[in-house]
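Q: My questions are about this predicted structure, shown below with the sequence.
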Amino acid sequence: MEVGVASGAGIFIFSILFFLSSAEISPKVGVNYGLLGNNLPAASRSVQLIKGLKAGRVKLYDPNPEILEALSGTELQVSIMVPNQQISNISRSQKLSDQWVKTNVVPYYPETMIRYVLVGNEVLSLYDQKQGWPDLVPAMRRIKGSLRKFHIHKVKVGTPLAMDVLESSFPPSNGTFRSDISVSVVKPLLQFLNRTKSFFFLDVYPYFPWSSQPHNIKLDYALFKGGNLTYTDPGTGLTYTNLLDQMLDSVVFAMKRLGFPEIRLWIAETGWPNAGDIDQIGANIYNAATYNRNLIKRLNAKPPVGTPARPGSVLPTFIFSLYNENQKGGPGTERHWGLLYPNESSVYPIDLTGETPESEYPPLPAPENNEPYKGKIWCVVAKGANRTELGSALTYACGQGNGTCEPVQPGRKCYKPVSLVRHASFAFSSYWAQFRSTGGTCYFNGLAVQTMKDPSYGSCKFPSVTL
């Protein structure tokens, strides 16, 4: 990207355009309502809780009939989603697209204020479904056509993408889409969004770049507490005061590089985990509350703050997520993004309008894991683990790697006492010690937890992960 006065003037002109176009967009902050938990409140109660958070919008990950009915008559703007597995079929059949809209939109609209249909979720991050990437934009066109067929004109169509659609994001002015999707998928997507005046929906989490480089990125910079901490982009001269703005503007410049400088951003997901595993730095209630409260103040500021590349623009946003969801797989943070616990209590008090003064909130618990843990960690059976499922997990773990379960075989050091829990704990620790470096987790569908307490006994020494 060329540097100079023309570049700065261009940014100024575009910022004026964005300020004018943003005037019609409400800055009301919304919440993502996921259902990957076996202990979540009913839909009708959840809608009341969403209203209690003073949310202006809600995003669903499927067109759940019970939730859509519960949202009827409320003033909550609603976003629904076409599941990833339906995209390819819809892309090839207007009849299927029409049927999807007839089934999932028409019965509820307009009493339920459906305003957005999102086609898929982070589709371009799923490399095992790469063959379906070319179907994304055709499916979006089909859905838009179906909405018109049923005379539904106030619903926009988009698709949420993750930050990994970029191959370069630093400095922001160097933002560039991945070469494997830039021309074949992203450019047609931007053409569609531009033509239909829709948004580029983006899942953007400052937690991840900060937690992977905590010594290079200051925590306060990620939490909007930077004060005098700033970064100046050498390509544009724009000065950044927080990590989120850097990430957002990298997408702005990536779109500009493809010839689409005016498409508006919508933050489809953002947030900060309120807890996590022992080896996950900075996942705590203090940081989560600080990030989300400071973000909400910025989003509700009058006049709008925008970003350095788009000053004055409104950034519609969905916070992730409504609940801690106990059936999400992966590391511990995955199950701890919620504003609420499944028992309906607040993880920390928050007002999505940003109107509650900080002084009215009770003190937050001090963070205890803002520095990387150093020491050994083991992976053991979780309290209350289902014994039948534990047997299957033991079999799976022992079938992976090289000699994973040799010490628990008859006659070996860890065979006695013969105990399913002890054998499974050894297998989990052995598996995790071998595979953590390549993405293996200590989870096993909720049957395992990390511990700093050495489970070894006698001559039986459990493998560990050393940080």
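A: Nice, I can see it.
Q: Please make it C-alpha for all contacts and neighbour counts, starting now.
A: Will do.
Q: Which helix or strand contains the residue sitting nearest the centre point of the chain?
A: In the chain, the residue lying closest to the centroid (CA atoms, centre = their mean) is residue 269, at 4.8 Å. Following DSSP states H and E, one finds residue 269 within strand 264-270.
Q: For the residue lying closest to residue 57 once chain neighbours are set aside, give its distance to residue 169.
A: Counting by CA to CA, 6 or more residues apart in numbering, residue 57 lies nearest to residue 30, which is 4.1 Å off, once chain neighbours are set aside. Applying CA to CA, to the nearest Å, the value for residue 30 to residue 169 is 26 Å.
Q: okay, these two: which has more neighbours?
A: Taking other CA atoms under 10 Å, residue 30 and residue 169 do not tie; residue 30 has more neighbours (30 against 22).
Q: all strands of the stretch 51-200 of the chain, in order?
A: Counting by DSSP state E, counting those that start in this stretch, the stretch 51-200 of the chain has these strands, from start to end: 57-60, 77-82, 114-119, 156-158, 160-162, 166-168, 176-177, 199-203.
Q: These: which one's closest to residue 135?
A: Nearest of those to residue 135, taken as CA to CA: strand 114-119 at 10.6 Å.
Q: coming back round to it: and residue 440, which of the strands of the stretch 51-200 of the chain is closest to it?
A: Comparing these against residue 440 with CA to CA, the closest turns out to be strand 160-162 (21.7 Å).
Q: Could you point out which residue ranges in the stretch 51-200 of the chain have low pLDDT?
A: Within the stretch 51-200 of the chain, not a single segment meets pLDDT under 70.
Q: about what we covered before: what would the strands of the stretch 51-200 of the chain look like in a markdown table with distance to residue 361 and mean neighbour count?
A: What follows is the strands of the stretch 51-200 of the chain, written out as a markdown table (distance: least, CA to CA, whole Å; neighbours: other CA atoms under 10 Å):
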| stretch | distance to residue 361 | mean neighbour count |
| --- | --- | --- |
| strand 57-60 | 23 | 24 |
| strand 77-82 | 27 | 22 |
| strand 114-119 | 33 | 23 |
| strand 156-158 | 36 | 24 |
| strand 160-162 | 32 | 20 |
| strand 166-168 | 38 | 17 |
| strand 176-177 | 41 | 24 |
| strand 199-203 | 28 | 23 |
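Q: how close does the residue lying farthest from the centre of the chain get to residue 417?
A: The centre of the chain is farthest from one residue, residue 411, which by CA atoms, centre = their mean lies 47.5 Å away. Between residue 411 and residue 417 the distance is 11 Å, computed by CA to CA.
Q: Could you do residue 250 as well?
A: Using CA to CA, we find residue 250 at a distance of 57 Å from residue 417.
Q: Test my guess that residue 245 contacts residue 311.
A: No - using CA atoms under 8 Å, residue 245 is not in contact with residue 311; the gap is 10.6 Å.
Q: So if I had to pick from the two, which one is more boxed in?
A: residue 245 (20 against 17).
Q: How about the contacts made by the more buried one?
A: Residues near residue 245 by CA atoms under 8 Å, 6 or more residues apart in numbering: 307-308.
Q: Likewise for residue 206?
A: Residues counted as contacts of residue 206 (CA under 8 Å, 6+ apart) are 222, 243-244, 247.
Q: now do 10 Å
A: Neighbouring residues of residue 206 by CA atoms under 10 Å, 6 or more residues apart in numbering: 219, 221-223, 242-247, 270-272, 291.
Q: tell me the pLDDT at residue 19?
A: Residue 19 is assigned 44 on the pLDDT scale.
Q: Surely residue 32 forms part of a strand?
A: Yes - when DSSP: H, G, I helix; E, B strand; the rest coil is applied, residue 32 is found to be in a strand.
Q: Thought residue 324 was touching it, still the case?
A: No - using CA atoms under 10 Å, residue 32 and residue 324 do not qualify as a contacting pair, with a distance of 11.4 Å.
Q: Now list whatever residues contact both of these two.
A: residue 338.
Q: out of those two, which sits in the more crowded spot?
A: residue 324 (28 against 23).
Q: ok so, going back, and what about the residue farthest from the centre of the chain, helix, strand or coil?
A: Of the three states, residue 411 takes coil under three-state DSSP.
Q: contacting residues for it?
A: Contact analysis of residue 411 by CA under 10 Å, 6+ apart lists nothing.
Q: With the one 5 residues further on instead?
A: Contact criterion CA under 10 Å, 6+ apart gives 408-410, 422-423, 460 as the residues in contact with residue 416.
Q: Tell me the spacing between it and residue 399.
A: Remark: distance between residue 416 and residue 399 (CA to CA) = 20 Å.
Q: go on, residue 73?
A: Using CA to CA, residue 73 is found at 53 Å from residue 399.
Q: ok, these two, which is more surrounded?
A: residue 399 (14 against 11).
Q: is it true that residue 132 touches residue 123?
A: Yes - Residue 132 is within contact range of residue 123, at 8.5 Å (criterion: CA under 10 Å).
Q: and those two? which has more neighbours close in?
A: Set residue 132 next to residue 123 and count neighbours by other CA under 10 Å: residue 123 wins out with 22 against 18.
Q: Quick check: the more buried one touching residue 158?
A: No - under the criterion of CA under 10 Å, residue 123 makes no contact with residue 158, lying 11.9 Å away.
Q: before we move on, back to that, could you check what's spatially nearest to the residue nearest to the centre of the chain, not counting adjacent residues?
A: residue 203 (4.4 Å).
Q: was I right about residue 343 contacting residue 323?
A: Yes - assessed by CA under 10 Å, residue 343 is found in contact with residue 323 at 9.4 Å.
Q: quick revisit: I figured the residue nearest to residue 57 hits residue 75, correct?
A: No - in this structure residue 30 lies outside contact range of residue 75 using CA under 10 Å: 11.9 Å.
Q: show me the contacts for the residue nearest to residue 269.
A: 121-122, 160-164, 248, 266-271, 317-320.
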